[in-house]
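>>> model this:
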Amino acid sequence: MDKLTPSAYAQAIDGIAGSLEEKRWQLADLAWRARMEGLPGWAEIMGSRPMVSRTRRTVEEWAHCADLRAQLSREYRLPFSAYAALARKVEVLGLEKAEEVLELAETEGMTVEALQIFVSELIKKTPPPFSLADWLADEYLRAEAAIDAAQTEGDIEALKRVASLLDAERSRLIYVQ
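Below is the predicted model of the structure:
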(Lines give C-alpha, C1' and ligand atoms only; values in the text may rest on other atoms or scores of the structure.)
Protein backbone atom coordinates (compact mmCIF):
# COMPACT_ATOMS: atom_id res chain seq x y z
CA MET A 1 0.00 0.00 0.00
CA ASP A 2 1.41 3.39 -1.02
CA LYS A 3 2.08 6.11 1.53
CA LEU A 4 -0.75 8.61 1.74
CA THR A 5 -0.45 12.02 0.13
CA PRO A 6 -2.91 14.80 0.91
CA SER A 7 -4.57 14.29 -2.49
CA ALA A 8 -4.80 10.49 -2.18
CA TYR A 9 -6.09 10.91 1.38
CA ALA A 10 -8.84 13.31 0.24
CA GLN A 11 -9.85 10.90 -2.55
CA ALA A 12 -9.98 7.98 -0.11
CA ILE A 13 -12.19 10.01 2.24
CA ASP A 14 -14.58 10.91 -0.58
CA GLY A 15 -14.72 7.28 -1.75
CA ILE A 16 -16.02 5.82 1.49
CA ALA A 17 -19.42 4.16 1.18
CA GLY A 18 -21.71 1.90 3.22
CA SER A 19 -23.91 2.17 6.29
CA LEU A 20 -23.35 4.98 8.78
CA GLU A 21 -21.62 2.53 11.13
CA GLU A 22 -19.37 1.23 8.34
CA LYS A 23 -18.55 4.77 7.25
CA ARG A 24 -17.59 5.78 10.78
CA TRP A 25 -15.17 2.88 11.07
CA GLN A 26 -13.78 3.45 7.58
CA LEU A 27 -13.18 7.11 8.34
CA ALA A 28 -11.69 6.26 11.75
CA ASP A 29 -9.35 3.67 10.26
CA LEU A 30 -8.28 6.06 7.52
CA ALA A 31 -7.69 8.87 10.05
CA TRP A 32 -5.67 6.50 12.24
CA ARG A 33 -3.57 5.43 9.26
CA ALA A 34 -2.91 9.04 8.28
CA ARG A 35 -1.92 9.87 11.86
CA MET A 36 0.37 6.84 12.09
CA GLU A 37 2.02 7.77 8.80
CA GLY A 38 2.56 11.31 10.02
CA LEU A 39 0.53 12.98 7.27
CA PRO A 40 0.63 16.72 8.01
CA GLY A 41 -2.80 18.17 8.77
CA TRP A 42 -4.51 14.78 8.57
CA ALA A 43 -7.33 15.71 10.96
CA GLU A 44 -7.98 19.06 9.33
CA ILE A 45 -8.00 17.52 5.84
CA MET A 46 -10.59 14.92 6.79
CA GLY A 47 -12.69 17.33 8.80
CA SER A 48 -12.87 19.78 5.91
CA ARG A 49 -14.13 17.26 3.34
CA PRO A 50 -17.79 17.92 2.41
CA MET A 51 -19.01 14.44 3.35
CA VAL A 52 -17.28 14.65 6.76
CA SER A 53 -17.60 18.28 7.88
CA ARG A 54 -16.31 17.75 11.43
CA THR A 55 -13.85 19.50 13.72
CA ARG A 56 -10.22 18.45 14.00
CA ARG A 57 -10.93 17.22 17.54
CA THR A 58 -13.71 14.90 16.35
CA VAL A 59 -11.48 13.41 13.65
CA GLU A 60 -8.71 12.92 16.21
CA GLU A 61 -11.22 11.12 18.44
CA TRP A 62 -12.15 8.82 15.56
CA ALA A 63 -8.49 7.96 15.05
CA HIS A 64 -8.22 7.25 18.78
CA CYS A 65 -11.18 4.84 18.48
CA ALA A 66 -9.48 2.98 15.63
CA ASP A 67 -6.26 2.87 17.65
CA LEU A 68 -8.14 1.40 20.63
CA ARG A 69 -9.84 -1.21 18.45
CA ALA A 70 -6.48 -2.20 16.92
CA GLN A 71 -5.05 -2.85 20.40
CA LEU A 72 -7.89 -5.10 21.57
CA SER A 73 -7.69 -8.89 21.49
CA ARG A 74 -10.86 -9.03 19.38
CA GLU A 75 -13.61 -6.86 17.93
CA TYR A 76 -16.79 -6.52 19.94
CA ARG A 77 -20.28 -6.36 18.44
CA LEU A 78 -20.88 -2.86 19.71
CA PRO A 79 -21.56 0.39 17.89
CA PHE A 80 -18.84 2.88 17.08
CA SER A 81 -20.22 5.21 19.76
CA ALA A 82 -19.48 2.59 22.44
CA TYR A 83 -15.84 2.47 21.38
CA ALA A 84 -15.77 6.28 21.28
CA ALA A 85 -17.14 6.51 24.82
CA LEU A 86 -14.55 4.04 26.06
CA ALA A 87 -11.67 5.54 24.07
CA ARG A 88 -12.12 8.78 26.02
CA LYS A 89 -11.48 6.89 29.27
CA VAL A 90 -8.99 4.18 28.28
CA GLU A 91 -6.04 6.17 29.63
CA VAL A 92 -7.60 6.05 33.11
CA LEU A 93 -8.93 2.50 32.94
CA GLY A 94 -6.08 0.82 31.14
CA LEU A 95 -6.45 -1.50 28.15
CA GLU A 96 -7.17 -4.66 30.16
CA LYS A 97 -10.02 -3.07 32.11
CA ALA A 98 -11.34 -1.43 28.91
CA GLU A 99 -11.51 -4.85 27.29
CA GLU A 100 -13.40 -6.22 30.31
CA VAL A 101 -15.89 -3.36 29.99
CA LEU A 102 -16.41 -4.06 26.28
CA GLU A 103 -16.92 -7.76 27.01
CA LEU A 104 -19.51 -6.93 29.65
CA ALA A 105 -21.23 -4.37 27.43
CA GLU A 106 -21.48 -6.89 24.60
CA THR A 107 -22.69 -9.72 26.85
CA GLU A 108 -25.23 -7.58 28.70
CA GLY A 109 -26.39 -5.72 25.60
CA MET A 110 -25.65 -2.34 27.17
CA THR A 111 -26.72 0.82 25.41
CA VAL A 112 -24.04 3.42 24.77
CA GLU A 113 -25.55 5.56 27.51
CA ALA A 114 -25.47 2.67 29.98
CA LEU A 115 -21.85 2.02 29.03
CA GLN A 116 -20.97 5.67 29.66
CA ILE A 117 -22.58 5.59 33.09
CA PHE A 118 -20.91 2.27 33.94
CA VAL A 119 -17.49 3.60 32.92
CA SER A 120 -17.99 6.82 34.89
CA GLU A 121 -18.88 4.84 38.01
CA LEU A 122 -15.94 2.51 37.46
CA ILE A 123 -13.53 5.42 37.15
CA LYS A 124 -14.76 6.86 40.43
CA LYS A 125 -13.77 3.55 42.08
CA THR A 126 -10.43 3.22 40.24
CA PRO A 127 -7.55 4.89 42.04
CA PRO A 128 -5.30 6.86 39.72
CA PRO A 129 -2.07 5.05 38.89
CA PHE A 130 -0.13 8.24 39.57
CA SER A 131 -1.14 11.26 41.60
CA LEU A 132 0.72 14.42 40.74
CA ALA A 133 -0.65 16.05 43.90
CA ASP A 134 0.82 13.25 46.04
CA TRP A 135 4.15 13.48 44.23
CA LEU A 136 4.25 17.25 44.75
CA ALA A 137 3.45 16.75 48.45
CA ASP A 138 6.32 14.28 48.77
CA GLU A 139 8.72 16.65 47.00
CA TYR A 140 7.55 19.49 49.25
CA LEU A 141 8.51 17.44 52.31
CA ARG A 142 11.91 16.71 50.78
CA ALA A 143 12.41 20.42 50.07
CA GLU A 144 11.48 21.24 53.68
CA ALA A 145 14.04 18.71 54.91
CA ALA A 146 16.64 20.18 52.56
CA ILE A 147 15.97 23.66 54.00
CA ASP A 148 16.84 22.35 57.45
CA ALA A 149 20.06 20.87 56.12
CA ALA A 150 21.08 23.84 53.94
CA GLN A 151 24.34 25.58 54.85
CA THR A 152 24.01 29.02 53.24
CA GLU A 153 21.35 31.71 53.17
CA GLY A 154 21.32 31.52 49.36
CA ASP A 155 20.56 27.78 49.45
CA ILE A 156 17.90 28.29 52.11
CA GLU A 157 16.16 31.02 50.10
CA ALA A 158 16.28 28.95 46.90
CA LEU A 159 14.86 25.90 48.66
CA LYS A 160 12.12 28.00 50.26
CA ARG A 161 11.08 29.23 46.79
CA VAL A 162 11.05 25.65 45.49
CA ALA A 163 9.01 24.46 48.48
CA SER A 164 6.56 27.32 48.02
CA LEU A 165 6.07 26.50 44.33
CA LEU A 166 5.58 22.81 45.06
CA ASP A 167 3.01 23.57 47.75
CA ALA A 168 1.16 26.08 45.56
CA GLU A 169 0.91 23.65 42.63
CA ARG A 170 -0.20 20.81 44.88
CA SER A 171 -2.91 23.03 46.37
CA ARG A 172 -4.03 24.12 42.91
CA LEU A 173 -4.39 20.51 41.79
CA ILE A 174 -6.34 19.50 44.88
CA TYR A 175 -8.79 22.38 44.70
CA VAL A 176 -9.27 22.30 40.90
CA GLN A 177 -10.21 18.61 40.93
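>>> what's the spacing between the longest helix seen in the chain and its chain's center?
Ranked by number of residues, the top helix in the chain under DSSP state H is helix 153-176. A distance of 30 Å separates the centroid of the chain from that of helix 153-176, by Cα atoms, centre = their mean, to the nearest Å.
>>> go on, stretch 19-31?
Counting by Cα atoms, centre = their mean, stretch 19-31 comes out at 19 Å from the chain centroid.
>>> buried set for that stretch?
24-31 (16 or more other Cβ atoms under 10 Å). From N, CA and C alone the C-beta is placed, and that goes for glycine too.
>>> hang on, the earlier thing: go through the longest helix of the chain and flag the buried ones.
Result for helix 153-176 [16+ other Cβ under 10 Å]: buried residues 159, 162-163, 166-167, 170, 173.
>>> Ok, stretch 55-62 next?
Quick answer for stretch 55-62 (16+ other Cβ under 10 Å): 59-62.
>>> now, which of the residues you listed lie within helices?
Among the buried residues of stretch 55-62, the members falling in helices (DSSP H) are 59-62.
>>> quick one: which of these is nearest to Leu93?
Glu61 (16.5 Å; Cβ to Cβ).
>>> what are the ranges of the helices in the chain?
Using DSSP H, helices in the chain cover 6-14, 20-36, 42-48, 56-71, 80-87, 90-93, 95-108, 112-125, 132-149, 153-176.
>>> Now for Gln116: which residues touch it?
Ala85 (Cβ atoms under 8 Å, 6 or more residues apart in numbering).
>>> 10 Å instead, please
Residues in contact with Gln116, defined by Cβ atoms under 10 Å, 6 or more residues apart in numbering, are 81-82, 84-86, 88-89, 110.
>>> Among those, which one has the most neighbours?
Leu86 (27 neighbours; other Cβ atoms under 10 Å).
>>> For Cys65, report the pLDDT, please.
Per-residue confidence (pLDDT) for Cys65: 93.
>>> Distance of it relative to Ala149?
Here the distance between Cys65 and Ala149 works out to 52 Å (Cβ to Cβ, to the nearest Å).
>>> for Leu30, same thing?
59 Å.
>>> Next: Gln11.
If you go by Cβ to Cβ, the gap between Gln11 and Ala149 works out to 67 Å.
>>> Check Ser48 too.
Using Cβ to Cβ, Ser48 is found at 59 Å from Ala149.
>>> domains of this protein?
The chain breaks down into these domains under automatic domain parsing: 1-71, 76-128, 132-176.
>>> Any idea which of those has the lowest pLDDT on average?
Taking the mean pLDDT of the domains of the chain, domain 132-176 comes last: a mean of 86.
>>> now it, how far from the centre of its chain.
Put simply, domain 132-176 sits 30 Å off its chain's centre (Cα atoms, centre = their mean).
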